[in-house]
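1. Build me a model:
(one chain, ligands or ions: 1)
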Amino acid sequence: MTPSELHSLLQDGHPGALRLLSPLGHRAAMPLGIPQQAEQARGALRKATIGQITDGAGKPLALPSLVRYFSGFPDTSSLLYASQYGLLSLRQAWARQMALPDGTPASLPVVASGITHGIALCADLFTGPDVPVVVATPYWDNYDQIFTMRTGAPLLTYPFFGPDRRFNVAGLAATLARLDGPAMVLLNFPSNPTGYSPYPDEVQALVRLLSAHPHPLCIVCDDAYNGLFFDPALYGKSLYGALAAAVDKARALVCKVDGATKELVFFGGRIGFLTFSADGAAGQALAEKAAAVLRGTVSSVCTPSQAAVLGALSSATLSEERAAVLRVLDERYRALRESLAANGLDALPFNSGCFALLPLAEGQNAEAARQRLLKEQSVGVIAVPRANALRIAFCSIEAADIPDLVSRVVAGLV
Ligand SMILES: Cc1ncc(COP(=O)(O)O)c(C=O)c1O
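-> Take a look at the predicted model:
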């Protein structure tokens, strides 16, 4: 479609999204280019469209030395290009596994090349130097590259924790109150680097606050660590559903970015998903804008990875396998809590995800402490200078080794 055709669909179905588009977002549209013309010729007798080397009947002229690594796939079609939107059956399967309550506004997810890429698509479509991104600090450090470096969007930060050591809804409210134009709010739960997720009352307050914001607002839920919840009292799911149901579509849009990276322990597979809180034609228009930007950057997402995720999603044992991983992480989480307490170390509150954040005493420097731990204790952690803290990835240490890790940290910090 042309940009103006897409915009009239947005104006009719989700005007807030139209108000939020960046200049690139305005220009983004899928022309009737090679992939679309090839798709239209799918049923033709002689298909001389796309530059794929095939047997003349639609299958790739696959090299046996390569294709033997994909022996679990039903055929060789995963060696061909996928659509810019991703494999339709994968998009549908991921939408089903999100298990959103009936009636939640949601486009079909667009497949991205990992979660970073999904967030970068949001950055491209909705931000720029004049559109601030409101985010709690400390935050995942790659947001600096995704937003400030790439699109020039300034990050407007507020402290992650309030004085009560819970999520700082009041800090977010005070930051939002300073805005008078379009903005993005980035929410990342379970959080990297704090390992914190909200409890139901915090979610209620967040939804109330964000849905009452008077200016155009794009809310992005970075759900990278979705599902890794260890405290049964937590809200325990993505905030997307509650936000998408609550916001006014004349003013706001919610984007959910998630993926197979952590949820299916498929880090190198590079499969992420981007879902918009717009139904029907407006949702398709936004998906087309995302796919157009994707076509102009990575062209299309790795088909074998998409096929593997699709296969996994239909496996009868997948939920059992995921539960087993969650049990392992839960054990590590509990071992870390116990070891920290036994050693009198006070991490910031953590209840989910992969990390705990250990603030350093005044006078200690995070980067110097990290280097000392590495050199003197053979311990690798991540320095988080913004919080003058060390991030411990308990997800990658066996539970039995966690007491040793913590005693090394203690020895290295004295
Ligand atoms: C908060 C957060 N978002 C997104 C990502 C990126 O995920 P991916 O590897 O799929 O790009 C990470 C990975 O570390 C992360 O911590």
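2. Show me where the stretch 251-400 of the chain has its helices.
-> Assigned by DSSP state H, counting those that start in this stretch, the helices in the stretch 251-400 of the chain fall at 260-263, 280-295, 303-313, 318-342, 366-377.
3. Present these as a markdown table; the columns should include distance to residue 74 and mean neighbour count.
-> (C-beta placed from N, C-alpha, C; glycine too.) Listed next are the helices of the stretch 251-400 of the chain as a markdown table, based on distance: least, CB to CB, whole Å; neighbours: other CB atoms under 10 Å:
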| stretch | distance to residue 74 | mean neighbour count |
| --- | --- | --- |
| helix 260-263 | 19 | 22 |
| helix 280-295 | 25 | 23 |
| helix 303-313 | 9 | 20 |
| helix 318-342 | 18 | 15 |
| helix 366-377 | 47 | 16 |
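4. Three-state assignment for the residue sitting furthest away from the middle of the chain, please.
-> In the chain, the residue that sits farthest from the middle, by CA atoms, centre = their mean, is residue 45; the gap is 41.4 Å. The assignment at residue 45 comes out as coil when based on DSSP: H, G, I helix; E, B strand; the rest coil.
5. Rank the helices and strands of this structure by mean pLDDT and give me the bottom one.
-> helix 34-40 (a mean of 93; mean pLDDT, DSSP states H and E).
6. Which residues belonging to that helix are considered buried?
-> Under the neighbour-count criterion of 16 or more other CB atoms under 10 Å, helix 34-40 has 35, 38 buried.
7. right, and residue 121 touches residue 291 too?
-> No. Using CB atoms under 8 Å, residue 121 is not in contact with residue 291; the gap is 9.2 Å.
8. who touches both of the two?
-> Taking CB atoms under 8 Å, 6 or more residues apart in numbering as the contact rule, residue 121 and residue 291 both touch residue 110.
9. Quick one: end-to-end distance for stretch 352-360.
-> End-to-end distance of stretch 352-360: 21 Å, with CA to CA, to the nearest Å as the criterion.
10. Could you confirm whether any residue of the lengthiest strand in the chain contacts the ligand?
-> When the chain is parsed with DSSP state E, its longest strand is strand 252-259. Yes. Strand 252-259 is in contact with the ligand by CB under 6 Å from any ligand atom, via residue 259.
11. pLDDT on that strand, on average?
-> Averaged over strand 252-259, pLDDT sits at 98.
12. Repeat that for stretch 158-167.
-> So the average pLDDT for stretch 158-167 ends up being 98.
13. Residues contacting that stretch, please?
-> Counting by CB under 8 Å, 6+ apart, 134, 136-139, 168-172, 174-175, 191, 194, 196, 198-199, 202, 206, 348-349 sit against stretch 158-167.
14. Which residues belonging to that stretch are considered buried?
-> 158, 160-161, 166-167.
15. can I get the helices of the stretch 251-400 of the chain in JSON lines with distance to the ligand?
-> What follows is the helices of the stretch 251-400 of the chain, written out as JSON lines (distance: least, CB to the nearest ligand atom, whole Å):
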{"stretch": "helix 260-263", "distance to the ligand": "3"}
{"stretch": "helix 280-295", "distance to the ligand": "14"}
{"stretch": "helix 303-313", "distance to the ligand": "11"}
{"stretch": "helix 318-342", "distance to the ligand": "15"}
{"stretch": "helix 366-377", "distance to the ligand": "18"}
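16. Out of these, which gets nearest to residue 12?
-> helix 280-295 (7.1 Å; CB to CB).
17. Show me what the closest one is in contact with.
-> 1, 6-7, 9-10, 12-14, 17, 21, 24-25, 28-30, 33, 35, 83-85, 105-108, 110, 112-113, 117, 121, 124-125, 253, 274, 276, 278, 300-301.
18. Show the buried residues in these.
-> Buried members of the contacts of helix 280-295, scored by 16+ other CB under 10 Å, are 1, 6-7, 9-10, 13-14, 17, 21, 24-25, 28-30, 35, 83-85, 105-108, 110, 112-113, 117, 121, 124-125, 253, 274, 276, 278, 300-301.
19. So which of these belong to strands?
-> Counting by DSSP E, the buried ones among the contacts of helix 280-295 place 110, 112, 253, 274, 276 in strands.
20. check contacts around residue 95.
-> So residue 95 contacts 106, 108-109, 275 (CB under 8 Å, 6+ apart).
21. sorry, back to before: okay, the buried residues of stretch 158-167 in CSV with distance to residue 261 and secondary structure next?
-> Compiled in CSV, the buried residues of stretch 158-167 are given as follows (distance: CB to CB, whole Å; DSSP: H, G, I helix; E, B strand; the rest coil):
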residue, distance to residue 261, secondary structure
158, 27, strand
160, 22, coil
161, 26, strand
166, 27, coil
167, 23, strand
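22. Tell me which two in those residues are the farthest apart.
-> 158 and 166 (13.7 Å).
23. Please identify which pair of the ones in strands among the buried ones among the contacts of helix 280-295 lies farthest apart.
-> Pairwise distances across those (CB to CB) peak at 17.0 Å, for the pair 112 and 253.
24. Tell me the spacing between residue 100 and the ligand.
-> From residue 100 over to the ligand the distance is 20 Å, taken as CB to the nearest ligand atom, to the nearest Å.
25. can you tell me which residues contact residue 193?
-> Residues in contact with residue 193 (CB under 8 Å, 6+ apart) are 138-140, 355, 357, 382, 384, 387, 389, 391.
26. for residue 407, same thing?
-> So residue 407 contacts 339, 343 (CB under 8 Å, 6+ apart).
27. Go again with 7 Å.
-> residue 343 (CB atoms under 7 Å, 6 or more residues apart in numbering).
28. Please apply the same query to residue 86.
-> The contact partners of residue 86, by CB under 7 Å, 6+ apart, come to 110-111, 301, 306.
29. Try it again at 10 Å.
-> 94, 108-113, 271-274, 287, 291, 294, 300-301, 303, 306, 309-310 (CB atoms under 10 Å, 6 or more residues apart in numbering).
30. Likewise for residue 2?
-> Residue 2 is in contact with 8, 29-31, counting by CB under 10 Å, 6+ apart.
31. In TSV: those, plus distance to the ligand and pLDDT.
-> Shown next, in TSV, are these (distance: CB to the nearest ligand atom, whole Å; pLDDT from 0 to 100):
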residue	distance to the ligand	pLDDT
8	34	98
29	26	98
30	24	96
31	28	91
